[in-house]
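Enquirer: sharing a sequence plus its predicted fold:
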Amino acid sequence: MGPEQASQLQAQYARRAGPIGLTVEELDFEHFPSKNGFPGIPVKAWIRFPNCAELVDGEVYAWTSKAAEVTWKDGPVTYRTWVWSSAVTRREDLNRANLGERADRDSNSK
């Protein structure tokens, strides 16, 4: 097994341990209340796992002034975790589409 394969295997096992999200103390909802929106905002987000991080395509339905709750799928499993807002960027390709176009694109990708 080469170094690249070992790295990929390590990342796969780290993801099985689950994502590392922000703590309640870090979120501090008392001073930074969350806001909710629908439909979700398409984003790319860095999600931390033990010993690695992964850039995922996800959606944000809740946020504060300093954090965002990212929802994404990894195979059949849907995850949701809070990350710092600096770890999240909007996906430009979907921001230009209206809701109907986004819904059509999402249903065709399934």
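Expert: Thanks, I have it. Please read all numbers here as calculations on a predicted model, not as lab measurements. Residues are numbered from 1 along each chain as shown.
Enquirer: residues in contact with the closest residue to residue 81 other than its chain neighbours?
Expert: Nearest in space to residue 81, with sequence neighbours left out and distances taken as C-beta to C-beta, 6 or more residues apart in numbering, is residue 21 at 3.6 Å. (Each C-beta comes from the backbone N, C-alpha and C, glycine too.) Counting by C-beta atoms under 8 Å, 6 or more residues apart in numbering, residue 21 makes contact with 81, 82, 83.
Enquirer: residue ranges with poor pLDDT in this protein?
Expert: For the chain, applying pLDDT under 70 flags the ranges 9-16, 93-110.
Enquirer: quick one, helices of it?
Expert: With DSSP state H as the criterion, the chain has helices at 3-16, 24-27, 92-95, 99-108.
Enquirer: gap between residue 73 and residue 84?
Expert: The gap separating residue 73 from residue 84 is 21 Å, by C-beta to C-beta, to the nearest Å.
Enquirer: how about residue 17?
Expert: In terms of C-beta to C-beta, residue 17 sits 20 Å off from residue 84.
Enquirer: of the two, give the one with the bigger neighbour count.
Expert: residue 84 (14 against 10; other C-beta atoms under 10 Å).
Enquirer: mind listing what that one touches?
Expert: Residue 84 neighbours (C-beta under 8 Å, 6+ apart): 22, 66, 67.
Enquirer: could you list the residues in contact with stretch 63-78?
Expert: With C-beta under 8 Å, 6+ apart, stretch 63-78 has contacts from 15, 22, 26-27, 29, 32-35, 37, 40, 43, 45, 47, 56-62, 79-85, 87-88.
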